[in-house]
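Chemist: This is a predicted model, with the sequence first.
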Amino acid sequence: MIGSYLRNRGGRAALGALFLVLVPTGGLAAQDDVSHRQCSPDGRLCFALTTVDGAPTYSVDRDGAPVIDASQLGFLLRGAGKWGSGITLGDPVRSTADETWEQPWGESRLVVDKHNEMRVRMTEQGKIKRSIDMTIRVFDDGLGFRFAFPDQPQLTDVMIDEELTEFAIAGDAEAWWIPAGEWNRYEYLYNHTPANQVGTAHSPITFRRSDGLHIALHEASLIDYSAFWLQRIDHQRFRTRLAPSSQPWKVRREAPFETPWRTILIGEDAPALYAAADIILNLNEPNRLGNVSWVKPQKYVGIWWGMHLDKWSWNAGPKHGATTDNVLEYIDFAADHGFGSVLVEGWNEGWWSESGRNFQFAVAYPDFDMDRIAKYAREKGVEIMGHHETAGNAGLYERQLEKAFEYYQRYGVHSVKTGYVADAGGVLREDPDGTEQWEYHDGQYMARHHIDVAERAAEHHIAINAHEPIKDTGLRRTYPNLVTREGARGTEYNAWGEPPNPPEHEPTLLFTRMLSGPFDLTPGIVSLEGRDGRAIPNTLARQLADYVVIYSPLQMAADLPENYAKHPDALTFIEQVPVDWEQTRVLAGDIGEYAIVARQHRGGEDWWVGGVTDAERREIPIDLSFLPKGKRYTAEIWRDGKGGGIDGDPFAMVRETREIIGGDTLTLAMEAGGGFALSLRPAS
């Protein structure tokens, strides 16, 4: 058992040591009033598991004060009733871990995994005596727990109608959340309400208590299971509600199996909450793909924004965007300005059929010459980024996957943007007998689907950027070709959305959606103009700041090439800013108000800092103590200029150079809806 644990927890990239101490505790016979407690390595955060009138119940406290009040656990099992009453707790098995592992790419190269673990068997009394194991890992800044259905004759074919995990938030709190179960998946502006006014929410959901403590609820390692929504059932008590299935049950598995981790992130303030999100990665298994040197973080341009402006169309016709001539022009632009790839959407046959029934993923439109385009791209040192829109027809896509990936591999395509544009509940698949079934984007079927796509893409050295996806739960650690995804309201809403994304959108995303992982925001709209001349409520400097604040290893320069020609200073920043980082620090911020993020270039000494604000003007002192004290740096700054802001001239931007010293404070102003971006390079 110890050897197996070490193999599973280590991995090729493990740099530190792992220690296990197996400590059975308790008496010979577990009783209903037995309680087990596991605290964090620093002793401040503690998880307690007990039974109340036979119901398994947990709570969480920090420095002796409650964070999660008594919350029940349980399952509704199809054909087997409710599990969660008459439960006794077995003796806990405890262990500790303290290791540092390396990401092949990411916000930080090294990730520290330091936690204490407790595993407890929970068994029904009476004739059946069905058991479920619970594993809890407690970190200094949060925790995760999950359930394991062991191999047992009385529960083999497990059909779960509902999981009854509760989270009772202790202390008056406000919440930032988006609705779950609605038609538009995850693409909503965030609600900011008292916690006791939340409806049914997607995760991550973020709470801020009246004493300033920040709490976020999410899940990790979502594999072959339905994603959860969080339904408020009473005051500040929430219960998991599994995303629906086309079948009578929501999850069906053969035992033994484990559920995803249910996670609670905790921080003294918003920046500390963001730092706690490493827990999501740590609760995923190490890389299963082996050598992934073919996964290349990069910036890209592409045939995309013109469609959202209604200048071009995805489908063939007089406005078709993905023509050979258009793509060749984008390849020239990418080569001239150092972009790694050109995204091409709408190149293949089948656009736009109802439920994607006519898509052909390896057949080009007649006006798209893939042979010529791929040859020209190779000569220019640029790659093509592929695109697979399914219109939600995941079943058809699965049947064509091998042919589609073979096609792309033949032409040197190493990254693909997938799409599942359909209303919630509108994912189409077929049973073996051909019967059509409709699924949710975050149900068990799609959890399986996205991993299947990742594994089969990896066989062809292809990375995946999923749009209209299932939510991120840290699986990029296990499958490093899952490089980024959508799963939030992106830049296209600035072209045609009603309303466009407001200035508070990004400083909200950083402390909500971004806790789950990278987001393909597609920034860089330097024209500040959407469809039919509508104004985007940002400044020019703010569009640059997004490259640092909103992390993605694939970052798009989304605007039209002719608009970059009009703003050369902005283009210079986009050309220079890295996409892969040595370490990341959120220097300051409040949810929905402002955020200041610093990231060190992976393998370099240069740092990049981005700041964004809501519709309020702010002057922010930037603490430079993250730099070596006394070391001199040259700061190149792109900031809002005098008279700027969304209530002034949003194009007013100053590009300047200053000398600064590590340990000092640099104060910069952000105009309303604005921001700043800067590079810090050691002075020569």
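Modeler: Sure, I can see it.

Chemist: then stretch 388-395 to CSV, C-alphas only?
Modeler: Extracted C-alpha coordinates of stretch 388-395, given in CSV (Å, rounded to 0.1, in the frame of the first residue of the first chain):
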residue,chain,number,x,y,z
HIS,A,388,-13.3,21.8,-34.8
GLU,A,389,-16.8,23.3,-34.2
THR,A,390,-19.4,20.6,-33.4
ALA,A,391,-22.5,22.6,-32.8
GLY,A,392,-22.9,20.4,-29.8
ASN,A,393,-22.8,17.2,-31.8
ALA,A,394,-20.2,15.4,-29.7
GLY,A,395,-21.2,12.0,-30.9
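
Chemist: got the buried residues for that stretch?
Modeler: By 16 or more other C-beta atoms under 10 Å, the buried positions in stretch 388-395 come out as 388-395. For every residue, glycine as well, the C-beta is placed using N, CA and C.

Chemist: Does anything pack onto the longest strand anywhere in the chain? Which helices or strands?
Modeler: When the chain is parsed with DSSP state E, its longest strand is strand 110-124. Packing contacts for strand 110-124, counted by 3 or more C-beta pairs under 8 Å, 6 or more residues apart in numbering; DSSP states H and E, involve strand 36-39, strand 45-52, strand 87-89, strand 93-102, strand 131-139, helix 278-282.

Chemist: just the ones you listed: most buried one?
Modeler: Most buried of the helices and strands packed on strand 110-124, by mean neighbour count (mean count of other C-beta atoms under 10 Å): helix 278-282, with a mean of 25.

Chemist: Tell me if Val654 really is in a strand.
Modeler: Yes: counting by DSSP: H, G, I helix; E, B strand; the rest coil, Val654 is part of a strand.

Chemist: Could you list everything it pairs with in the sheet?
Modeler: Arg639 (DSSP bridges).

Chemist: Quick one, grab the pLDDT at it.
Modeler: Val654 is assigned a pLDDT of 98 by the prediction.

Chemist: Please tell me how far it sits from Asn563.
Modeler: Distance, Val654 to Asn563, by C-beta to C-beta, to the nearest Å: 20 Å.

Chemist: Likewise for Asp472?
Modeler: Distance from Asp472 to Asn563, by C-beta to C-beta: 30 Å.

Chemist: and what of Ile160?
Modeler: From Ile160 to Asn563 the distance is 51 Å (C-beta to C-beta).

Chemist: Which one of the two is surrounded by more residues?
Modeler: The neighbour comparison of Ile160 against Asn563 (other C-beta atoms under 10 Å) goes to Ile160, with 23 against 18.

Chemist: which SS state does that one fall under?
Modeler: Relying on three-state DSSP, one would call Ile160 strand.

Chemist: if I read this right, Gly181 contacts Tyr188, doesn't it?
Modeler: No: counting by C-beta atoms under 8 Å, Gly181 sits too far from Tyr188 to count as a contact (11.6 Å).

Chemist: and Leu15, what pLDDT?
Modeler: 35.

Chemist: Please apply the same query to Lys127.
Modeler: 82.

Chemist: That one: neighbour count?
Modeler: Around Lys127 there are 6 other residues, counting by other C-beta under 10 Å.

Chemist: So it belongs to a helix, correct?
Modeler: No: counting by three-state DSSP, Lys127 is not part of a helix but coil.

Chemist: Of the buried residues of stretch 388-395, which pair is most distant in space?
Modeler: Glu389 and Gly395 (14.6 Å; C-beta to C-beta).

Chemist: Point out where the stretch 101-250 of the chain drops to low pLDDT.
Modeler: Within the stretch 101-250 of the chain, no range satisfies pLDDT under 70.

Chemist: where along it do the strands fall?
Modeler: With DSSP state E, counting those that start in this stretch as the criterion, the stretch 101-250 of the chain has strands at 110-124, 131-139, 142-149, 157-163, 166-169, 173-177, 191-194, 200-201, 205-209, 214-220, 228-234, 237-242.

Chemist: quick one, the last one and strand 157-163 angle?
Modeler: Interaxial angle, strand 237-242 versus strand 157-163 (axes from the mean of the first three to the mean of the last three C-alpha atoms, to 10 degrees): 140 degrees.

Chemist: ok, now the longest one?
Modeler: Per the same axes, to 10 degrees, the angle that strand 110-124 makes with strand 157-163 is 100 degrees.

Chemist: got the angle between strand 110-124 and strand 142-149?
Modeler: Here the directions of strand 110-124 and strand 142-149 differ by 40 degrees (the same axes, to 10 degrees).

Chemist: what's the angle from strand 110-124 to strand 131-139?
Modeler: Using the same axes, to 10 degrees: strand 110-124 against strand 131-139 is 150 degrees.

Chemist: Sort out which residues of strand 110-124 are buried, please.
Modeler: Buried, per 16+ other C-beta under 10 Å, within strand 110-124: 111-124.

Chemist: picking up where we left off before, tell me which of the strands of the stretch 101-250 of the chain lies nearest to Thr478.
Modeler: strand 214-220 (10.6 Å).

Chemist: Show me what that closest one is packed against.
Modeler: strand 205-209, strand 261-267, helix 270-275, helix 278-282.

Chemist: In terms of residue numbering, what are the domains of this protein?
Modeler: 2-282, 298-579 (automatic domain parsing).

Chemist: hey, which of the ones you listed is tucked in deepest?
Modeler: Note that of these, domain 298-579 is the most buried (mean count of other C-beta under 10 Å), with a mean of 21.

Chemist: Turn the buried residues of stretch 388-395 into CSV, including secondary structure, distance to Glu498 and pLDDT.
Modeler: Below are these laid out as CSV (DSSP: H, G, I helix; E, B strand; the rest coil; distance: C-beta to C-beta, whole Å; pLDDT from 0 to 100):
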residue, secondary structure, distance to Glu498, pLDDT
His388, strand, 28, 98
Glu389, strand, 23, 98
Thr390, coil, 26, 98
Ala391, coil, 23, 98
Gly392, coil, 23, 98
Asn393, coil, 28, 98
Ala394, helix, 29, 98
Gly395, helix, 33, 98
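
Chemist: Include distance to Gln38 when you put those residues into a markdown table, please.
Modeler: Below are those laid out as a markdown table (distance: C-beta to C-beta, whole Å):
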| residue | distance to Gln38 |
| --- | --- |
| His388 | 44 |
| Glu389 | 46 |
| Thr390 | 43 |
| Ala391 | 47 |
| Gly392 | 42 |
| Asn393 | 45 |
| Ala394 | 40 |
| Gly395 | 43 |
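
Chemist: Find the centremost residue of the chain, please.
Modeler: Nearest to the geometric centre of the chain sits Gly517, at 2.8 Å (C-alpha atoms, centre = their mean).

Chemist: For the nearest residue to that residue once chain neighbours are set aside, pull up the helix or strand it's in.
Modeler: In space, and not counting its chain neighbours, Gly517 is closest to Asp472: 3.6 Å by C-beta to C-beta, 6 or more residues apart in numbering. Secondary structure from DSSP states H and E places Asp472 outside every helix and strand.

Chemist: can you pull the contacts of Asp472?
Modeler: 485, 487, 516-518 (C-beta atoms under 8 Å, 6 or more residues apart in numbering).

Chemist: rerun at 7 Å
Modeler: Residues counted as contacts of Asp472 (C-beta atoms under 7 Å, 6 or more residues apart in numbering) are 485, 487, 516-517.

Chemist: Before I go, just wanted to say thanks for your time.
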